[in-house]
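1. below: sequence and its predicted model.
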Amino acid sequence: MENENNLNVTFAKRRPTLFQKASELSILCGAEIAIIVFSPSGKLYSFGHPSVEIIGDRFLTQTSQPSSSNSQLVEAYRNTNIYELSRQLTYVLTQLEVEKNKSEELTNISKQGIGNHPWEAPLENQGLQELEQLKRAMEWLKNEIEEQKKRIVAANQLPIVPVSGANGIEGGYTQLLDSVLTMTHGFNMGNGHVSR
């Protein structure tokens, strides 16, 4: 690349990926690794596991074993801690990605208008299965309202006064649901059939 800005941008984007891959290699394989990189502007960047200094010393002295048993114990302890922290970091990053995907999915659902309230979604966009599901949800809601009404009446010992709907069905909840659908979507559910 001839453009210096492009060089710096490309370097800045790829350097973290290179270090992440090196970290994964050291975690997955138990490899000791060191990477030293100079940016196009001459700035030094490095990554090492367990550290750049230890790997550099081993490389320069060509010895594969640390000098004492104490340093071996310290190194083993450090590696165990680093491995555990890296494992936790990987887990947290995975969970973060899962939560981001859930968030995007919820945002898409919200944009489509089908969240916790399916009746808010345009009925024109719903198929037969969705309409049947909406009908069952409305029937469930009607039953829940009836049960709550009975609990309130029993608690207050108030008399139950039957309400007759416009279509002659006792319990004006069908009429209420009909009114809700008519107001929100211009649909009429008279006698359980959806019409426009």
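-> Yes, it's here. Residues are numbered from 1 along each chain as shown.
2. next SSE downstream of the longest helix along the chain?
-> The longest helix of the chain (DSSP state H) is helix 69-112. Proceeding N to C from helix 69-112, the next assigned helix or strand is helix 128-156, under DSSP states H and E.
3. list the buried residues of that following helix.
-> For helix 128-156, the neighbour count (16 or more other C-beta atoms under 10 Å) marks Leu134, Met138 as buried. In short, each C-beta sits where N, CA and C put it, glycine included.
4. mean confidence for that helix?
-> If you average the pLDDT over helix 128-156, you get 87.
5. show me what that helix is packed up against.
-> helix 173-185 (3 or more C-beta pairs under 8 Å, 6 or more residues apart in numbering; DSSP states H and E).
6. now stretch 1-16: buried residues?
-> Phe11.
7. now that stretch - C-alpha only, PDB.
-> In PDB, the C-alpha atoms belonging to stretch 1-16 read as follows (Å, rounded to 0.1, in the frame of the first residue of the first chain):
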ATOM      1  CA  MET A   1       0.000   0.000   0.000                       C
ATOM      2  CA  GLU A   2       1.300   3.400  -0.900                       C
ATOM      3  CA  ASN A   3      -1.100   5.500   1.100                       C
ATOM      4  CA  GLU A   4       0.200   5.900   4.700                       C
ATOM      5  CA  ASN A   5      -3.300   6.400   6.200                       C
ATOM      6  CA  ASN A   6      -4.400   3.100   4.600                       C
ATOM      7  CA  LEU A   7      -1.400   1.400   6.000                       C
ATOM      8  CA  ASN A   8      -2.100   2.700   9.600                       C
ATOM      9  CA  VAL A   9      -5.800   1.800   9.400                       C
ATOM     10  CA  THR A  10      -5.100  -1.700   8.100                       C
ATOM     11  CA  PHE A  11      -2.500  -2.200  10.800                       C
ATOM     12  CA  ALA A  12      -4.800  -1.000  13.500                       C
ATOM     13  CA  LYS A  13      -7.600  -3.300  12.400                       C
ATOM     14  CA  ARG A  14      -5.500  -6.400  12.000                       C
ATOM     15  CA  ARG A  15      -3.200  -6.200  15.000                       C
ATOM     16  CA  PRO A  16      -5.800  -7.000  17.600                       C
END
